[in-house]
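J.: Please find the sequence and the predicted model below.
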Amino acid sequence: MFQHRELGLIQGFQVGTTIILTILFWVYYFVMQYLVPGVSLASPENYFEYYLAITLAFQLSFMIARQHDILSVSSGVVESHRLIWPHIPATLAITCIFLILTKDDAISRLFLFTIVPLIYVVLLIYTRFFALDVLRFLLRHQHQKLLLVGQPQELAIVDSLLRKSKLFGFEIIGMVTDAPAEELPPSIRKLGTPDDLESVVKEHKVGNIFILGSPRDRRMLGGWMRLAEAQGCRVSLVNDLDLFLQRRLSYFRCDNVDLIELREEPLQNLVNRTIKRILDLAVSLPVVCFVLPPLIVSVWILQRFQSPGPLFFRQARSGLDNQAFSILKFRTMYPTEFDSTKQATVRDARIYPAGSFLRRFSLDEFPQFLNVLTGQMSLVGPRPHMTQHDKIMAEVMSTYPLRGFVKPGITGLAQIRGFRGETATREDIIHRIDCDIEYVETWSFFLDIRIIWRTALQVLRPPKSAY
């Protein structure tokens, strides 16, 4: 019942914005044509295509975004701005592209480049102050009674939805629960226990039942649903499987089978993996060809004067699917005092003077572009840890191995948030792993670009944790 009511509100909002856009476009056209001195516009036929382009661009952007938060505009202007603004740049961009492709000299640039900001202002005012009133008016004959079934503590989960229930056209008449009436909020009265459900439905002529969560005995759910349907009631049920399993789940349908997975993984998509690999090659190849050779010569000279020994430092690290690979870095420690199991610390005596400079500005990491080029690493991903530390990390946080779902990176989400360098405390480990798993679940091309940009800034202005 909630699903299609919400869909109806969204579609109603889209129809409303289309009407507003239509009225605004043509009123603005006639104002510019007949009321603004010195402005002469072409005939309405010339502008009709641009009207269609602007209207379709806005609605297409809205549909692609799949925004389901139109009810949040009741909270204030900021929420209305967040709903409208994302579609304005797209509308302007498509209008400009259309103008370039048509090369139409008869169209006023002043008109086109002022109508879009005007659309933003008018839609912002309409959304904030009028849209919900219009939707309420359309729902005025569709109000129905809603009965809650569950426990008082489950109300917090659906609090936001219940506060907006009137916008859906529902009137909450009370709650059926085993808990004492004193535990319910003042706005919700107790109408009986689950055993009284049938009599409550009949007495109050309930048309909709909202089950807030699964009872301890899940067999009761079947009885409630059969009873509701026998009385001609619609039923909605809060899916509390996420809470039951204590993790966020991913729901989807594949080959007509409803499936649940424990988490989202955008990089399981072949196209996404290809895009990420193209970005890796596009950046790492120029670096390996043009930046790394002079850097190798410079580091070799510094090492000859301060710490003769191997140019590179190789170490086993955990990679994709937690398989070990050999990471490549410029050596920054004296070869005689190297301990492969100990992390570098502040003012570490094992680091030679130029090595400190290399580490501070992350220049020692540049050989890893070779790892990226060969496919062992990516530009962005969880930083690979020493294989000796994997077990320690997994003991602190059981989800640690999930980092291996993606390739390790030269930089990552944890690094730009300040969780780089030594993991000295349990909190450091947890923060870093949380960031890594968030990256696994929320990867996007633009997230990679943002991380690369923020990392470049950190190279120029190293944080205090760079040592």
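T.: In hand now; what should we look at?
J.: Can you list the residue ranges for strands in the stretch 1-150 of the chain?
T.: With DSSP state E, counting those that start in this stretch applied, the stretch 1-150 of the chain shows strands at 144-149, listed in chain order.
J.: for it, what are the low-confidence residue spans?
T.: Applying pLDDT under 70 to the stretch 1-150 of the chain picks out residues 1, 66-75, 139-141.
J.: Give me the pLDDT value at Thr411.
T.: The model reports Thr411 with a pLDDT of 94.
J.: So that it lines up with my notes, have the first residue be 338 from now on.
T.: From this message on, residue numbering opens at 338, which makes the last subject Thr748.
J.: Now do the contacts for the residue lying closest to it once chain neighbours are set aside.
T.: Leaving aside its chain neighbours, Thr748 sits nearest to Thr792 (4.2 Å; criterion: CB to CB, 6 or more residues apart in numbering). (Glycine included, C-beta is placed from N, CA and C.) The contact partners of Thr792, taken as CB atoms under 8 Å, 6 or more residues apart in numbering, are 747-748, 752-753.
J.: Next, Lys666: secondary structure please.
T.: At Lys666 the chain is in strand, as set by DSSP: H, G, I helix; E, B strand; the rest coil.
J.: Could you check the pLDDT of it?
T.: For Lys666, the pLDDT comes out at 94.
J.: Tell me the spacing between it and Pro531.
T.: 63 Å (CB to CB, to the nearest Å).
J.: where in the stretch 638-787 of the chain is pLDDT low?
T.: 674-684, 758-761.
J.: For it, which segments are assigned as helices?
T.: Along the stretch 638-787 of the chain, the stretches classed as helices by DSSP state H, counting those that start in this stretch are 690-697, 705-710, 724-733, 750-753, 763-779, 782-797.
J.: Kindly compare burial across those and name the winner.
T.: Mean neighbours per residue, mean count of other CB atoms under 10 Å, is largest over those for helix 750-753, with a mean of 24.
J.: For Glu519, which of the helices of the stretch 638-787 of the chain is the nearest?
T.: Judged by CB to CB, the one of the helices of the stretch 638-787 of the chain that comes nearest to Glu519 is helix 763-779, at 38.9 Å.
J.: Please export the C-alpha coordinates of the closest one as PDB.
T.: C-alpha atoms of helix 763-779 as PDB (Å, rounded to 0.1, in the frame of the first residue of the first chain):
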ATOM      1  CA  ARG A 763      42.400  -0.600  17.900                       C
ATOM      2  CA  GLU A 764      40.400   2.500  16.900                       C
ATOM      3  CA  ASP A 765      42.800   3.200  14.000                       C
ATOM      4  CA  ILE A 766      42.300  -0.300  12.700                       C
ATOM      5  CA  ILE A 767      38.500  -0.100  12.900                       C
ATOM      6  CA  HIS A 768      38.300   3.300  11.200                       C
ATOM      7  CA  ARG A 769      40.500   2.200   8.400                       C
ATOM      8  CA  ILE A 770      38.600  -1.100   7.800                       C
ATOM      9  CA  ASP A 771      35.300   0.700   7.900                       C
ATOM     10  CA  CYS A 772      36.500   3.100   5.200                       C
ATOM     11  CA  ASP A 773      37.800   0.200   3.100                       C
ATOM     12  CA  ILE A 774      34.500  -1.800   3.300                       C
ATOM     13  CA  GLU A 775      32.500   1.400   2.600                       C
ATOM     14  CA  TYR A 776      34.600   1.800  -0.600                       C
ATOM     15  CA  VAL A 777      33.900  -1.800  -1.600                       C
ATOM     16  CA  GLU A 778      30.100  -1.200  -1.200                       C
ATOM     17  CA  THR A 779      29.900   2.300  -2.700                       C
END
